[in-house]
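Peer 1: Below is the sequence, then the predicted model.
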Amino acid sequence: MTLDAVLSRIDTDLPQATDRLMELLRIPSISTDPAFKDHCQTAADWLVADLQSIGIDAEKRATPGHPMVIGHVEGDGPHLLFYGHYDVQPVDPLELWDRDPFDPQLEDTPAGQVIRGRGSSDDKGQLMTFVEACRAWKAEHGTLPCRITFFFEGEEESGSPSLVPFMQENADELKSDLALICDTGLFESRVPAIVTMLRGLLGEELTVTAPDKDLHSGMYGGVAMNPIRVLTRILASLHDDQGRVTVPGFYDGVTELPDAIRSQWQGLSFDHATFLGDVGLSEPAGEQDRTPIEMIWSRPTCDVNGIWGGYTGDGFKTVLPSEAHAKVSFRLVGDQDPHKIRESFRKMVQDALPADCTVTFKGHGAGQASTTETSDPAFEAARVALSDEWNIPAAYVGCGGSIPIAGHFQDILGTTPMLVGFGRDDDQIHSPNEKYDLESFHKGIRSWARILAALS
C-alpha cells in the first residue's frame, strides 16, 4: 500500500472533507445544557452514519447521559483505538461572537484561511482529521492498514460522568495496543508535538468560620477574630519565598526530567518573555530553580483560584464577616498521590487555625498525573511521520493542563495513550469566535495518514 496515493487523495478531496466538517459543526451539541440533549443525539447519529459510509461497523451506544459512538474495523497488524469527543462548550457570551457560532464558514485572515465556529478546534475538527485520513486510505486501497477501533464521547465538556463506567463495562472491547487522542496542539503554533506528560488535578474548597454572625466592625473589630484574616494568612503560607509549595509531603512522588527530554525541551527555545508578555506579565513567579517550561509542563503547582467573604457589593459596609471562603487547586505530576495531598493540605489548614475558628472542606475532583513512556518504537515512528509532514522536527512535550481520558486508558484498559493534535494557541477554544486553521485541518489529515502508515 503506497502512502503517496493516500496523501494525493487527501489533497484532492480537501473541499469535500471541509464540507463534511461544516455539517458536523452546524449541530449544536452542547453537552452541559439539557436544552441541547437532542442535538447531542443528532451529532452521534451523524458520526455513526459517516463512519458507516466508509465501511466501518459503527453504532450509537446509550449511557445515562449522552451516547458514545463505537466503530470497529478488523485488520492485521497493531490494534489502534482513536478517541475524540463530539460535544462542545456553551457559546456564551453570544454577543461577543462575530457570527452565529453554529453557522461555520471559511474566513480569510492575515495568517491564512480558518474554519470559524464552535467546536472547530475543540474537538470536532481534530476528530475529523483522523476520520478523513481513514476515508482517504479506504478510497485508495479498499481497506484500512490495520485494526482500528473508533471511540467518540459526548460528555467531555461536561465532566465525562458516563465515561469511566462505560469503559469499565466495555473494557474487553476497547482494549488495544495504542490509544490515539487528538485533543492537543502544536507547540507555539508551529512545531508538531506528541504530548507525553499531563498534569493531574486536585481541587479543594474551604470555609473558615469565626463569629456565628456578621459583626459591626466598630463594635467588634480588633477583639473578635476575623476569618478573612485567618484565611489569607493560611493561603499566604502555602508557598515559601522561593516559590515552593509548603504543604507537608507535597513533593513526594515528583520525579526529575530524563536528561534526553530536558535537552529536547531546551532545544525548543521557549520564549517565556513573550509568553508572559502576551498577558501583561514579565517575571516567572514559580520555583526559582526551575526553567519556565519546566514549571508549565513537569512541575506541580498550588494556586488560589477564588477567595471571598464579607461585603463585596457596591459602596462600603463596615462588616466583620462570619465566614471566609477560598478555592485552591493543585496541578500534580509524576506519582504524586492526590488523596494524600488532600489529607496533608487539610491537616495543615486545621493546625493553623487559632481558637474560636473552624473550617469545613469540599473536594472538587482528585486525578493523578499521566506520563507516557516513549521507549515504545511506535512513538519514534509517529514522531518521524509528523516531522516529515510539517518539515520541522516534531517534539515530545508536556502539557500544563489535564486530560483525564489519557489516564483512564492506562488505568482501566492498560493501553498506552499517544496524544497528537494540531490546534494552535490562538484557536480561542472555549471562547467566542473559536476557529481551526484550514492548514491544521489539511495537514492534520495528512499527518494521521503518515502515522497510520508508520505504525502499520
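Peer 2: On my side now, so go ahead. Numbers count the residues shown, from 1 in each chain.

Peer 1: ok, which stretches of the stretch 101-250 of the chain are strands?
Peer 2: Residue ranges of the strands in the stretch 101-250 of the chain, as given by DSSP state E, counting those that start in this stretch, are 105-109, 112-116, 147-153, 178-181, 193-198, 200-209, 215-216.

Peer 1: so what strands line up beside the third one?
Peer 2: Yep, that's strand 147-153 we're talking about. When pairing is defined by DSSP bridges, strand 147-153 lines up against strand 68-73 (antiparallel), strand 79-85 (parallel).

Peer 1: Please work out which residues outside the longest one touch it.
Peer 2: The one in question is strand 79-85. If you take C-beta atoms under 8 Å, 6 or more residues apart in numbering as the criterion, strand 79-85 is touched by 123, 126-127, 130, 146-157, 174, 176-183, 405, 409, 415, 452, 455. In this view, the C-beta of every residue, glycine as well, is placed from N, C-alpha and C.

Peer 1: ok, back up a step: most tightly packed of the strands paired with strand 147-153?
Peer 2: Among the strands paired with strand 147-153, the stretch with the highest mean neighbour count (mean count of other C-beta atoms under 10 Å) is strand 79-85, at a mean of 24.

Peer 1: In contact with Phe250: list those residues for me.
Peer 2: Taking C-beta under 8 Å, 6+ apart, we find Phe250 in contact with Pro300, Cys302, Gln336, Ile341, Ser344.

Peer 1: Just the ones of the residues you listed in helices?
Peer 2: Filtering the contacts of Phe250 for membership in helices, criterion DSSP state H, returns Ile341, Ser344.

Peer 1: Just give me the neighbour total for the residue nearest to Asp122 when sequence neighbours are not counted.
Peer 2: Computed as C-beta to C-beta, 6 or more residues apart in numbering, the closest residue to Asp122 that is not its neighbour in sequence is Ile429, at 3.9 Å. Neighbours of Ile429 under the rule other C-beta atoms under 10 Å: 20.

Peer 1: do the same with the one 5 residues further on
Peer 2: Applying the criterion other C-beta under 10 Å, we find 26 residues in the vicinity of Glu434.

Peer 1: With adjacent residues omitted, what lies nearest to it?
Peer 2: The spatial neighbour of Glu434 that comes closest, neighbours along the chain excluded (C-beta to C-beta, 6+ apart), is Gln428 at 4.9 Å.

Peer 1: Is it correct that that neighbour falls within a helix?
Peer 2: No. Gln428 is assigned coil when assessed by DSSP: H, G, I helix; E, B strand; the rest coil, not a helix.

Peer 1: what's near enough to touch it?
Peer 2: Neighbours of Gln428 in contact, by C-beta under 8 Å, 6+ apart: Ser121, Glu434, Lys435.

Peer 1: would you turn the strands paired with strand 147-153 into TSV with mean pLDDT and distance to Gly142?
Peer 2: Compiled in TSV, these are given as follows (pLDDT from 0 to 100; distance: least, C-beta to C-beta, whole Å):
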stretch	mean pLDDT	distance to Gly142
strand 68-73	98	12
strand 79-85	98	19
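
Peer 1: Quick one: closest of the ones you listed to Thr209.
Peer 2: strand 79-85 (40.4 Å; C-beta to C-beta).

Peer 1: I figured Ile148 was touching Cys134, is that so?
Peer 2: Yes. Using C-beta atoms under 8 Å, Ile148 is in contact with Cys134, at 7.0 Å.

Peer 1: Touching both of these two, which residues are there?
Peer 2: For the pair Ile148 and Cys134, residues contacting each of them under the criterion C-beta under 8 Å, 6+ apart are Val73.

Peer 1: Which residue ranges make up the domains of the chain?
Peer 2: Per the record, the chain has its domains at 3-198+369-455, 200-254+300-367, by automatic domain parsing.

Peer 1: Average pLDDT for stretch 403-413, rounded please.
Peer 2: Across stretch 403-413, the average pLDDT comes to 91.

Peer 1: Same check on stretch 244-257?
Peer 2: Stretch 244-257 comes out at a mean pLDDT of 96.

Peer 1: Mind listing what's buried along it?
Peer 2: Buried residues in stretch 244-257, defined by neighbour count with 16 or more other C-beta atoms under 10 Å: Arg244, Val245, Val247, Phe250, Gly253, Leu257.

Peer 1: re earlier: export the contacts of Phe250 to TSV and append columns for pLDDT, distance to Asp100 and neighbour count.
Peer 2: Conversion of those to TSV gives the following (pLDDT from 0 to 100; distance: C-beta to C-beta, whole Å; neighbours: other C-beta atoms under 10 Å):
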residue	pLDDT	distance to Asp100	neighbour count
Pro300	97	42	25
Cys302	98	41	20
Gln336	96	44	23
Ile341	98	44	25
Ser344	98	49	16
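
Peer 1: Which of the contacts of Phe250 sits closest to Glu389?
Peer 2: Using C-beta to C-beta, Pro300 is the member of these that lies nearest Glu389, at 34.0 Å.

Peer 1: Report the contact partners of the spatially most central residue of the chain.
Peer 2: Central residue check for the chain by C-alpha atoms, centre = their mean: the C-alpha nearest the mean position is that of Ile403, 4.2 Å away. When contacts are counted by C-beta under 8 Å, 6+ apart, Ile403 touches Ile181, Asp183, Thr184, Val195, Leu198, Ser370, Leu419.

Peer 1: picking that back up, quick check, the residue nearest to Asp122 in contact with Gly423.
Peer 2: Yes. Using C-beta under 8 Å, Ile429 is in contact with Gly423, at 7.0 Å.

Peer 1: Mind listing the residues bridging to His325?
Peer 2: Taking DSSP bridges, one obtains Thr207, Trp308 as the residues bridged to His325.
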